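A.B. asks: Below are the sequence and a predicted model for it; my questions follow.
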Amino acid sequence: MINAADTAWMLTSTVLVLFMTLPGLGLFYAGLVRAKNVLSVLMHCTAIACLVSVLWYAGAYSLAFVGDGAWIGDLSQVFLLGVARDAVHPGTTIPDTVYIMYQMTFAIITPALIVGAYVERIKFGAVLVFSGLWAIVIYAPVAHWVWGGGWLADMGVKDFAGGIVVHTTAGVSALIVALGLGKRDGFPQQLQPPHAPWIVMVGAAMLWVGWFGFNAGSALTSGANAGMAMLVTHMAAAIASLTWMGIEWIRLGKPTLVGTVTGTIAGLATITPASGYVGPLGALVIGVVSAFFCYSAVRMVKLRYVIDDALDVFAVHGIGGMTGSLLTAILMAAELGGVGYDGGVTWAGQLFVQLTAVVVTVIWSAGITFTVVKITQALVGFRVVHEVETQGLDLTAHGEVSYNIAFGDTSE
């Protein structure tokens, strides 16, 4: 039977997750780039949302969530054939249509996260080709392994809302894309700071609010599990923000707004896989650990290895998702306020399962992304020429500019 309360919550959660991409992620990324590339970032997020929606309908959903194959689903619901208006999704009390739409929003935001790795220097055609292929050959299979009844689900992996399926895949793929695309002109010595830190904060705030649909919505009901998932999500974000702020205050002498909200996103990404399994104590641990690990990863990627993952997708989402997935095995213990382990499973056994899932997902994401990058380069090219990068992608790729106001002009 369809439950009205559960359905209402899942409709709300679906809206919240789409709100994360449009406009949350778009504004978060747009504030971090230079003014001449703002519209290009917003266009990337918008186009990916539209493209993945169509692909999800055309067959990606069926590959991810239909069928009982160990590695991939089937195409029995291609173009959503056979999905009845009043059908209840198996194992839930919500309509099949709501579940399909809810999972679509996850499929949208995951390749959109990768935008942060290639901003300011990628061809728009490459964004479309890469994102479309990536959603089909990386996201759909991994979603099936973990959430669609695949081989990792059979092993007992715990990924409540996407630490593996979303953040590990996107983070690792972002690193491969950054390596394949190369550094922006002037990186790292001559890059300008974010053009609008206040827009970064607005986008981060939208992500924070939308994340309640991401994590609490993954309970697929409006009950106690959703309530605890929402609580630990919020606490991890708040604690990670304060921790990142403190690290900057000590290291730099001043806490920055961009740094603080980056900590917010790190906390949210890290709590995501654990949000349905841990209690408040787990949220505290994850909040602190996520800030330290992700902050260190940002510095290592940019300063030690000099990789231009422009907006720190790997360091924040990749490291956060992997860290949270592994911590889930420890912090879900009943003694620590978690839900406890399945019958006959120990923390060490669960950790082995989590580690297996993370390692396999890293290898799959890296290897297939490398192939997708090469295919994209062969089909449409990947990087814009130097002159286009210098002028900015807003005008050259889209024929528009971000700001048409001449500040300080008093002639009118």
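C.D. replies: Great, that's in hand. Numbering: from 1, shown residues only.
A.B. asks: quick one, phi/psi of residue 122?
C.D. replies: Dihedral angles of residue 122 (phi, psi; degrees, to the nearest 10) stand at phi -110, psi 150.
A.B. asks: what's it in contact with, if anything?
C.D. replies: By C-beta atoms under 8 Å, 6 or more residues apart in numbering, residue 122 lies in contact with 181, 382-384, 393. In short, each C-beta sits where N, CA and C put it, glycine included.
A.B. asks: One more pass at 10 Å, please.
C.D. replies: Neighbour list for residue 122: 40, 44, 115, 130, 177, 181, 376, 381-384, 389, 393, 397 [criterion: C-beta atoms under 10 Å, 6 or more residues apart in numbering].
A.B. asks: Tally up the residues packed near residue 254, please.
C.D. replies: Other residues within reach of residue 254, judged by other C-beta atoms under 10 Å, total 8.
A.B. asks: So it: helix, strand or coil?
C.D. replies: The assignment at residue 254 comes out as coil when based on DSSP: H, G, I helix; E, B strand; the rest coil.
A.B. asks: Skipping its backbone neighbours, what lies nearest it in space?
C.D. replies: In space, and not counting its chain neighbours, residue 254 is closest to residue 248: 7.2 Å by C-beta to C-beta, 6 or more residues apart in numbering.
A.B. asks: in what helix or strand does the one you found lie?
C.D. replies: Per DSSP states H and E, residue 248 falls inside helix 224-252.
A.B. asks: what's the following helix or strand after the longest helix seen in the chain?
C.D. replies: Longest helix in the chain by number of residues (criterion: DSSP state H): helix 347-380. Going down the chain from helix 347-380, the next helix or strand is helix 386-391, by DSSP H and E.
A.B. asks: any residues touching that following helix, and which ones?
C.D. replies: Under C-beta under 10 Å, 6+ apart, the answer for helix 386-391 is 36-37, 120-123, 184-186, 383-384, 395-397.
A.B. asks: Sort the residues you listed by pLDDT and name the bottom one.
C.D. replies: Minimum pLDDT across the contacts of helix 386-391 is recorded for residue 186, with 88.
A.B. asks: what's the burial count for that residue?
C.D. replies: Neighbours of residue 186 using other C-beta under 10 Å come to 10.
A.B. asks: returning to what we had before: can you tell me which of the contacts of residue 122 is nearest residue 67?
C.D. replies: Residue 67 has its nearest neighbour among the contacts of residue 122 in residue 130, at 26.2 Å by C-beta to C-beta.
A.B. asks: need the contact list for that closest one.
C.D. replies: Residues touching residue 130, when contacts are defined by C-beta under 10 Å, 6+ apart, comprise 48, 111, 114, 118, 122-123, 173, 177, 180, 369, 372-373, 375-377, 379-380, 382.
A.B. asks: With residue 27 as the reference, measure out to it.
C.D. replies: 22 Å (C-beta to C-beta, to the nearest Å).
A.B. asks: Over to residue 387?
C.D. replies: For residue 387, the distance to residue 27 - C-beta to C-beta - is 28 Å.
A.B. asks: of the two, who's got more company?
C.D. replies: residue 27 (24 against 8).
A.B. asks: Moving C-terminal from the helix holding residue 248, which element do we reach first?
C.D. replies: Per DSSP H and E, helix 224-252 leads on to helix 257-271 as the next helix or strand towards the C-terminus.
A.B. asks: what packs against that following helix?
C.D. replies: Counting contacts by 3 or more C-beta pairs under 10 Å, 6 or more residues apart in numbering; DSSP states H and E, helix 257-271 is packed against helix 26-32, helix 197-215, helix 224-252, helix 280-299, helix 319-331.
A.B. asks: Show the buried residues in the contacts of residue 122.
C.D. replies: 40, 44, 115, 130, 177, 181, 376, 382-384, 389, 393, 397 (16 or more other C-beta atoms under 10 Å).
A.B. asks: Going by distance to residue 201, which of these wins?
C.D. replies: Closest to residue 201, out of all of these and judged by C-beta to C-beta, is residue 115, at 18.6 Å.
A.B. asks: Distance from the chain centre to the longest helix of the chain, please.
C.D. replies: Computed by C-alpha atoms, centre = their mean, to the nearest Å, the chain-centroid distance of helix 347-380 equals 15 Å.
A.B. asks: Which secondary structure elements does it sit against?
C.D. replies: helix 124-134, helix 140-147, helix 151-155, helix 169-181, helix 319-331.
A.B. asks: Can you check what angle separates that helix from helix 124-134?
C.D. replies: Interaxial angle, helix 347-380 versus helix 124-134 (axes from the mean of the first three to the mean of the last three C-alpha atoms, to 10 degrees): 140 degrees.
A.B. asks: could you give the angle of helix 347-380 to helix 140-147?
C.D. replies: Using the same axes, to 10 degrees: helix 347-380 against helix 140-147 is 170 degrees.
A.B. asks: for the record, mean pLDDT for helix 347-380?
C.D. replies: Here the average pLDDT along helix 347-380 is 98.
A.B. asks: can you offset everything so residue one is 55?
C.D. replies: All set: I'll call the first residue 55, so the last point we hit is now helix 401-434.
A.B. asks: Quick check: closest non-adjacent residue to residue 298.
C.D. replies: Residue nearest to residue 298 in three dimensions, not counting chain neighbours: residue 317, with 2.6 Å by C-beta to C-beta, 6+ apart.
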